[in-house]
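I need the structure of the sequence given here:
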Amino acid sequence: MTALVIGGAGYIGSHMVRWLTEHGEPCVVLDNLSTGHPEAVDVPLVRCDLRDAGALRDALIQIRPSIVFHFAALALVGESVRQPLAYYENNFLGTLNLVKAMHAAGTRRLVFSSTCAVYGVPSSDVIDEAHARNPINPYGASKLACENLLEDCARAGDLSVVALRYFNAAGAHSSGELGESHEPETHLIPSALRAVLGQAKKLTVFGQDYPTPDGTCIRDYIHVEDLAQAHGAAMHWLRDHDGWQAINLGTELGTSVIQVLRRVSEIAGRVVPHVLSERRHGDPPKLVASAAKAREILGWIPAHDLGSIVQSAWRWHQGRGIEVTKPVPASVSMLPR
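Reported below is the predicted structural model:
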């Protein structure tokens, strides 16, 4: 009963690996390490790219996982607008290759990392799973294409899938050992903290004329440890059920960019240096989840609020300067074709 965590060297994936190991669930990570951090992984690691169908098939046949967690994706909205082909190739083609490899390995259970970006610009203040899916950027469109593929396979009886539509993941592990680090960093909270610490230029706030109370975008921020716990709940659901479920993961609370910057300033004790800029193409004004289905199906309730998210991220960013890099873990031997 081994779980395979694809993208397990990344931000959310590494927190999932930690959750699995803490709960006695054996797991293996598969990651191409294009953006992942091998030092964050302390379980067997296979270096493999989802676009390499042959190597991926060989890896899954060797591992024969009982369940797959699929986190690997390109996930920058602005970049997706400039490079749509890369997003469809990596996100959709990679997922198609994964489904074929799972079939070859006899693996039928999948927890898929989806996104609120599949909804586009919402027509209601709080978004539930029945809301129309009309993505306004290639990132969201590529994830919707993956959802359609997986739902069709589930309805045909080939797979059982839970697609978890994240809202805005943030925060760091309570141990202080895992956190959020991207290059380039585009997420609001780590960007604000890096600006406060003088590790980056002034934060750019994109848009101040949205139809929101202070003119900046509103998002639903969810702690990464709450996300990991939700994936664990999805795994347990799949052990007892077949079929397809698409489920939002959020807190049902919206916070504007300006409100986040104020909270960061309060916790860090310093004003976040920032500049105002024009809107960024592809950004909806407001995205806030209804989490009723997650409560009903998964029994999941987030444990962290925005203050806890920022506090954990602040602690991790402060400690990075003295962090000792772990050795790269042992790998499952996989030769590229």
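
Pass me the low-pLDDT residue ranges in the chain, would you?
182, 320-337 (pLDDT under 70).

Just the strands from it, written as ranges.
3-6, 27-31, 45-47, 67-70, 109-115, 160-166, 168-170, 203-206, 218-219, 221-223, 244-249, 255-256, 274-277, 286-287 (DSSP state E).

could I get those strands as a markdown table with mean neighbour count and distance to Thr95?
For glycine as for every other residue, the C-beta is placed from the backbone atoms N, C-alpha and C. Putting the strands of the chain into a markdown table (neighbours: other C-beta atoms under 10 Å; distance: least, C-beta to C-beta, whole Å) gives the following:
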| stretch | mean neighbour count | distance to Thr95 |
| --- | --- | --- |
| strand 3-6 | 28 | 10 |
| strand 27-31 | 27 | 13 |
| strand 45-47 | 21 | 17 |
| strand 67-70 | 26 | 7 |
| strand 109-115 | 25 | 8 |
| strand 160-166 | 24 | 11 |
| strand 168-170 | 22 | 19 |
| strand 203-206 | 18 | 29 |
| strand 218-219 | 24 | 25 |
| strand 221-223 | 25 | 23 |
| strand 244-249 | 22 | 15 |
| strand 255-256 | 20 | 31 |
| strand 274-277 | 12 | 33 |
| strand 286-287 | 21 | 23 |
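
Turn these into a markdown table, including distance to Ser181.
As requested, those are exported to a markdown table (distance: least, C-beta to C-beta, whole Å):
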| stretch | distance to Ser181 |
| --- | --- |
| strand 3-6 | 18 |
| strand 27-31 | 15 |
| strand 45-47 | 18 |
| strand 67-70 | 20 |
| strand 109-115 | 18 |
| strand 160-166 | 18 |
| strand 168-170 | 13 |
| strand 203-206 | 16 |
| strand 218-219 | 20 |
| strand 221-223 | 17 |
| strand 244-249 | 22 |
| strand 255-256 | 22 |
| strand 274-277 | 20 |
| strand 286-287 | 24 |
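
closest one to Gln311 among the ones you listed?
Closest approach to Gln311 among the strands of the chain (C-beta to C-beta): strand 221-223, 10.3 Å.

Each with direction, which strands does the closest one pair with?
Strand 221-223 has the following sheet partners, assigned by DSSP bridges: strand 168-170 (parallel).

one step back: so for Ser265, which of the strands of the chain sits nearest?
Ser265 lies closest to strand 274-277 among the strands of the chain, at 10.2 Å (C-beta to C-beta).

contacting residues around the closest one?
Applying C-beta atoms under 8 Å, 6 or more residues apart in numbering, the contact partners of strand 274-277 are 192, 195, 202-208, 261.

Serialize the residues you listed to JSON lines and add fields for distance to Ile136.
What follows is those, written out as JSON lines (distance: C-beta to C-beta, whole Å):
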{"residue": "Ala192", "distance to Ile136": "25"}
{"residue": "Ala195", "distance to Ile136": "28"}
{"residue": "Lys202", "distance to Ile136": "27"}
{"residue": "Leu203", "distance to Ile136": "24"}
{"residue": "Thr204", "distance to Ile136": "20"}
{"residue": "Val205", "distance to Ile136": "20"}
{"residue": "Phe206", "distance to Ile136": "15"}
{"residue": "Gly207", "distance to Ile136": "14"}
{"residue": "Gln208", "distance to Ile136": "20"}
{"residue": "Leu261", "distance to Ile136": "25"}
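
any idea which of the residues you listed is closest to Gly120?
Gly207 (16.5 Å).
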